[in-house]
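Trainee: Give me the fold of what follows.
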Amino acid sequence: MCRLLGVVAREPVAIRSYLLDAPHGLQGMSLRGVHAPHRDGVGWAYRDLAGRMRLYRWGATALAQTQSLPGNLSAPTTLLLAHARKASPEYRGMRGALQAQPLVQDGLFLAHNGTIHDVALLGAGAGTDSQRLLGWLNRTWNPRTPDRVPAALRDLAGLLRDYTAVNFLLSEGASLYALCLYTREPDYYTLRWRDDGGAIVVASEPIDDRPGWRSLGNGELLTIGPDLSATVVQAASPPT
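Mentor: Here you go, the predicted structure:
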């Protein structure tokens, strides 16, 4: 169980605006959100003003020393993926910075919420279900173009049968992809998003009380381009 937060903005904005300053931003969700606390790891990846992706992650031990978020929160960005982790029972012994998210492999960044029980179907590998999910996506999303994402997700949904959710935020450093796919607890696993005109925000919970939040349907994929174009398609279906 984890909390997700992603942003694509037209003009650079300090990451603290969404992580710390928003009433129910990542900090608020980690401490007071549904099924809180989510303090088994925290991290964020963002695109800096030179166009490079930056990644910062902390494990449970670092978070136990503070009630706030660690690190420099003043950096400006136009693309952000953030994650507050509550480790599944299967992975309670794996709560270090290496298991904190977002994860990265070959320039592909992933923040995942949910537990995949039939993780062996994703292929051989070590680590958490999220780490193995990233490996599968990295192998399968090829070529790495936006039109190939729904096809990869249909394959993923056809492969997995036993999971709580395969919700995720995914980015190759240009666009942001948000998948909402769950088998239980819709109040917890449904993703919400809002177009503010100058930025599009997607999160596990609305980060403020302003109107305009919309819910993704189960199996829907939200694609946000760097130009803030936003499309929603039915990309997958939960097992019946």
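
Trainee: Let's see stretch 196-204 as CSV, backbone CA atoms only.
Mentor: Output in CSV follows, covering the C-alpha atoms of stretch 196-204 (Å, rounded to 0.1, in the frame of the first residue of the first chain):
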residue,chain,number,x,y,z
ASP,A,196,-5.2,23.1,-13.6
GLY,A,197,-4.5,24.7,-17.0
GLY,A,198,-0.8,25.2,-16.4
ALA,A,199,-0.3,21.8,-14.8
ILE,A,200,-1.9,18.4,-14.6
VAL,A,201,-1.7,16.5,-11.3
VAL,A,202,-2.5,12.8,-10.7
ALA,A,203,-2.5,11.4,-7.2
SER,A,204,-3.8,8.6,-5.0
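
Trainee: tell me which residues in that stretch are buried?
Mentor: By 16 or more other CB atoms under 10 Å, the buried positions in stretch 196-204 come out as 199-204. Quick note: C-beta positions are derived from backbone N, CA and C, even for glycine.

Trainee: Name the SS class of G173, please.
Mentor: What DSSP: H, G, I helix; E, B strand; the rest coil gives for G173 is coil.

Trainee: for it, phi and psi?
Mentor: phi 100, psi 0 (degrees, to the nearest 10).

Trainee: correct me, but it touches M53?
Mentor: Yes - at 4.9 Å, G173 counts as touching M53 under the criterion of CB atoms under 8 Å.

Trainee: check contacts around S17.
Mentor: G25 (CB atoms under 8 Å, 6 or more residues apart in numbering).

Trainee: That one belongs to a strand?
Mentor: No - per three-state DSSP, S17 lies outside any strand segment and is helix.

Trainee: what about the residue lying closest to V202 once chain neighbours are set aside, which helix or strand?
Mentor: Distance criterion CB to CB, 6 or more residues apart in numbering; nearest residue to V202, sequence neighbours excluded, is W193 at 4.1 Å. Applying DSSP states H and E as the criterion places W193 in strand 192-195.

Trainee: counting contacts, what elements does that strand pack onto?
Mentor: Here strand 192-195 touches strand 199-203, strand 214-215, going by 3 or more CB pairs under 8 Å, 6 or more residues apart in numbering; DSSP states H and E.
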